[in-house]
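[1] need a structure here:
(chains A and B)
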Amino acid sequence: NAGVTQTPKFQVLKTGQSMTLQCAQDMNHNSMYWYRQDPGMGLRLIYYSASEGTTDKGEVPNGYNVSRLNKREFSLRLESAAPSQTSVYFCASSEAGENIQYFGAGTRLSVL
Amino acid sequence: LAKTTQPISMDSYEGQEVNITCSHNNIATNDYITWYQQFPSQGPRFIIQGYKTKVTNEVASLFIPADRKSSTLSLPRVSLSDTAVYYCLVGDEGYSTLTFGKGTMLLVSP
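    Residues are numbered from 1 along each chain as shown, chains lettered A, B, ... in the order given. Okay, the predicted model is just below:
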């Protein structure tokens, strides 16, 4: 009963390094999402994928790229990390057309 | 998505009933009202969703007046483990993106 699994749980990067955050869901959901959450703030949508093969920008897409590898997996890539990208990143999934989303435990990223 | 307004924080004691009200004056006809709960260091978790009147599940109740311009999440007999941030969101059943505000930080004390 894993739900949404994110890896890694923690990561420290130096400015300019790249990395990929992984997300996988086992609920056969069509839609997947990436959010970031900064201290004291709500979640902000980075990118989403309404269905396999499609991706769309959310509220704060700059500095990020995504790949919907298959129905289960949706990755988030930082090509050249910046200190402003220090945040907690959450992946979520939902049924197509459903507005109830299921979230992973998050990845805590620090960029020095 | 309709904008929502909710208190920044609330305090309560164990065993009390807690009511968190959310204002959504420009809610549209097709919009549903959804509440999420977020514990520290975890992702948000769906609590309850409603369209009108009252909805109840094993965790909470959601009260929605006839004009639907506000809604109240009711947590019966809270415990320390209910300390969390609670988010109110409004949108139609088919919307594919969510907009989270800052939510309401509920602190339950012994």
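[2] With the flanking residues excluded, which residue is spatially nearest to the closest residue to chain A within chain B?
    Nearest to chain A, among the residues of chain B, is B:Gly43, at 2.9 Å (CB to the nearest CB). Any C-beta I mention is one placed from the backbone N, CA and C, and that applies to glycine too. Nearest non-adjacent residue to B:Gly43, counting by CB to CB, 6 or more residues apart in numbering or on different chains: A:Phe103, 2.9 Å away.
[3] got the contact list for the one you found?
    By CB atoms under 8 Å, 6 or more residues apart in numbering or on different chains, the contact set of A:Phe103 is A:4, A:90-92, B:42-45.
[4] Narrow these to those in helices?
    Per DSSP state H, helices hold no members of the contacts of A:Phe103.
[5] Just the buried ones from those, in ChimeraX syntax?
    Entered in ChimeraX, the line below selects the buried ones among the contacts of A:Phe103, by 16 or more other CB atoms under 10 Å in any protein chain shown:
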select /A:4,90,91,92 /B:43,44
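[6] Counting neighbours, what do you get for residue 72?
    Let's take chain A. By other CB atoms under 10 Å in any protein chain shown, the residues close to A:Arg72 number 17.
[7] Oops, wrong one, chain B.
    The tally of other residues near B:Thr72 (other CB under 10 Å) stands at 15.
[8] For it, give me its contacts.
    The contact partners of B:Thr72, taken as CB under 8 Å, 6+ apart, are B:19-22, B:62-64.
[9] In chain A, which residue is most central in space?
    Nearest to the mean C-alpha position of chain A, by CA atoms, centre = their mean, lies A:Trp34 at 3.0 Å.
[10] what is whatever residue of chain A ends up closest to chain B paired to in the beta sheet?
    Residue of chain A nearest chain B, by CB to the nearest CB: A:Phe103 (2.9 Å). On DSSP bridges, the residues paired with A:Phe103 through beta bridges are A:Ala92.
[11] Is A:Met32 part of a helix or strand, or is it coil?
    Classification of A:Met32 by DSSP: H, G, I helix; E, B strand; the rest coil places it in strand.
[12] Now for the closest residue to it other than its chain neighbours, how many residues are close by?
    Excluding its sequence neighbours, the residue lying closest to A:Met32 (CB to CB, 6+ apart) is A:Phe74, at 3.9 Å. By the criterion of other CB under 10 Å, A:Phe74 has 28 neighbours.
[13] residues contacting A:Phe74?
    A:23, A:32-34, A:49, A:66-68, A:91, A:93.
[14] All set, thanks.
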